[in-house]
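Chemist: Could you look at this predicted model? Sequence included:
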Amino acid sequence: MTAMTAMTARTRPTTTAADDPPVLAVDADLGAASWRALGTYVDLRTTPDAIASAVALAVDILNEVDLACSRFRADSDLSHANRAAGSIVSVSPLLVAAVQVALEAADETDGLVDPTLGTVLTAAGYDRTFALVPADDPAPTSVPRPRRDWRNVQVGDDGVCVPPGSELDLGATGKALAADLVALAIAHELGAPALVSVGGDVRVAGPDDGNVTSVPAYPVVLAGTVADLETDGTPPRVRLRDGGLATSSTAARRWSRGGRQWNHLVDPRTGAPADGPLRTVTAWGRTAVAANTASTAAMVLGDAAWPWLLARDVAARLVDVDDRVLTTPAWDASGFEVSE
């Protein structure tokens, strides 16, 4: 992802006196920290001597991502661009890169991962941070059919133009991009290995590009939701030394609006929530964005996910609604040291 690579450095300070500092849980001896940002949970692992600086760097970057890319902040660059649909809006380099990454994901999946679904999600009730979305909203709603307008999004060096009648939503790639940016920044600026999870989109990076022996084999639990971790006593796990790992699931971020069940994974071809035979798909990629792009596309494809993943040699683990597990040959050959 060339646009993502260009954004490994920070672009501008964004923390203001009005920003609430995150509530951090830090274990300095283990080099571990966790907190909430971007409407989800963040987990960070690095060396004990780097943890304090790594947390400060991560908080700064995630603040930047939120101010640039949030659909739920009226003052974000993304909200400015959405309100001015049809006109070129000057935005931060970070939003330019984030939109480029989202468009690359759309191009690679022929629109299965579509960043122009904002109008559909807003009409379905996902118009605020998910924690504030009512679990059962009786309000009637009329959800527009997706315009599939991603090819008409314009991106320049310092500006974005949203197509008229559309609204950008970067949820499919934004948190993965944030994980990539934080992990790479820690590796390059602090010279320390890092695992970063933003809402389950995981990236591992080390200071020596391509030398995975310098990076610990971080254990990563595979779960579709946080509740899975609490109810499953022995969830499967892998050990990850490099790249990205992402799990997409229809079990997470679910709500009801006007008597209709929704989840955050929308099929761009129909505008309906993805509701196929798969419950979760976990995929590995060179970046968290690549992993999330593959797992999201597979969830949308449902029955057609298996040949799509095989044709692209994606390392993936699929779990259907009956809890049957299927893994691709690339996953089996990955050496992730899966323990069930």
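Modeler: In hand now; what should we look at? The structure presented is a predicted model; accordingly, all values stated were derived computationally and were not measured.

Chemist: okay, stretch 186-206 in CSV with CA atoms only?
Modeler: Output of stretch 186-206 as CSV, limited to C-alpha atoms (Å, rounded to 0.1, in the frame of the first residue of the first chain):
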residue,chain,number,x,y,z
ILE,A,186,7.4,2.7,16.9
ALA,A,187,9.7,0.5,14.9
HIS,A,188,11.2,3.3,12.9
GLU,A,189,11.3,6.2,15.4
LEU,A,190,12.0,4.2,18.6
GLY,A,191,13.9,1.3,17.1
ALA,A,192,11.8,-1.2,18.9
PRO,A,193,9.6,-4.1,17.8
ALA,A,194,5.9,-3.7,18.3
LEU,A,195,2.5,-5.4,18.1
VAL,A,196,-0.4,-3.0,17.8
SER,A,197,-4.1,-4.0,17.7
VAL,A,198,-6.7,-1.4,17.0
GLY,A,199,-10.2,-3.0,17.3
GLY,A,200,-8.7,-6.4,16.4
ASP,A,201,-6.8,-5.2,13.3
VAL,A,202,-3.2,-6.3,14.2
ARG,A,203,0.1,-5.2,12.9
VAL,A,204,3.6,-6.4,13.9
ALA,A,205,6.7,-4.5,12.8
GLY,A,206,10.3,-4.5,13.8
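
Chemist: And that stretch, what's buried?
Modeler: Neighbour-count burial for stretch 186-206, counted by 16 or more other CB atoms under 10 Å, picks out 186-187, 190, 192-206. (Each C-beta comes from the backbone N, C-alpha and C, glycine too.)

Chemist: and the helix ranked longest in the chain, what does it pack onto?
Modeler: Counting residues, the longest helix found in the chain (DSSP state H) is helix 51-69. Applying 3 or more CB pairs under 8 Å, 6 or more residues apart in numbering; DSSP states H and E, one finds that helix 51-69 contacts strand 25-27, strand 32-37, strand 40-45, helix 77-83, helix 93-108, helix 174-190, strand 194-198.

Chemist: Give me the buried positions along the fourth one.
Modeler: The neighbour-count check on helix 77-83 (16+ other CB under 10 Å) flags 77-82 as buried.

Chemist: Rounded mean pLDDT for that helix, please.
Modeler: Helix 77-83 carries an average pLDDT of 96.

Chemist: Following element in sequence after it, please.
Modeler: Downstream of helix 77-83, the next assigned helix or strand under DSSP states H and E is strand 88-90.

Chemist: and that next one, which strands flank it?
Modeler: strand 159-161 (antiparallel) (DSSP bridges).

Chemist: State the mean pLDDT of the strand it pairs with.
Modeler: Mean pLDDT, strand 159-161: 96.

Chemist: picking up where we left off before, in CSV, list the C-alpha atoms belonging to the longest helix of the chain.
Modeler: The C-alpha trace of helix 51-69 is given here as CSV (Å, rounded to 0.1, in the frame of the first residue of the first chain):
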residue,chain,number,x,y,z
ILE,A,51,6.7,1.2,26.4
ALA,A,52,6.4,4.7,27.8
SER,A,53,7.6,6.4,24.6
ALA,A,54,5.6,4.0,22.4
VAL,A,55,2.4,4.7,24.2
ALA,A,56,2.9,8.5,23.9
LEU,A,57,3.6,8.1,20.2
ALA,A,58,0.6,5.8,19.7
VAL,A,59,-1.8,8.2,21.5
ASP,A,60,-0.5,11.1,19.3
ILE,A,61,-1.0,9.2,16.1
LEU,A,62,-4.4,7.9,17.0
ASN,A,63,-5.5,11.4,17.9
GLU,A,64,-4.4,12.5,14.4
VAL,A,65,-6.3,9.6,12.8
ASP,A,66,-9.4,10.5,14.7
LEU,A,67,-9.3,14.1,13.8
ALA,A,68,-8.6,13.3,10.1
CYS,A,69,-10.8,10.3,9.5
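
Chemist: how big is the angle separating that helix from strand 32-37?
Modeler: On the basis of axes from the mean of the first three to the mean of the last three CA atoms, to 10 degrees, helix 51-69 is oriented at 20 degrees to strand 32-37.

Chemist: Report the inter-axis angle for helix 51-69 versus helix 93-108.
Modeler: Inter-element angle recorded for helix 51-69 and helix 93-108: 70 degrees (by the same axes, to 10 degrees).

Chemist: Now do the buried residues in helix 51-69.
Modeler: Buried residues in helix 51-69, counting neighbours by 16+ other CB under 10 Å, are found at 51, 54-55, 57-69.

Chemist: now it against helix 174-190, angle please.
Modeler: Per the same axes, to 10 degrees, the angle that helix 51-69 makes with helix 174-190 is 140 degrees.

Chemist: roughly how far out does stretch 310-318 sit from the chain middle?
Modeler: Here stretch 310-318 is found 19 Å from its chain centre; the criterion is CA atoms, centre = their mean, to the nearest Å.

Chemist: The closest residue to P48 other than its chain neighbours and E337, how far apart?
Modeler: Nearest residue to P48, sequence neighbours excluded (CB to CB, 6 or more residues apart in numbering): G31, at 4.4 Å. Distance check for G31 against E337: by CB to CB, to the nearest Å, it reads 21 Å.

Chemist: Which per-residue confidence value corresponds to A50?
Modeler: Note on A50: pLDDT of 96.
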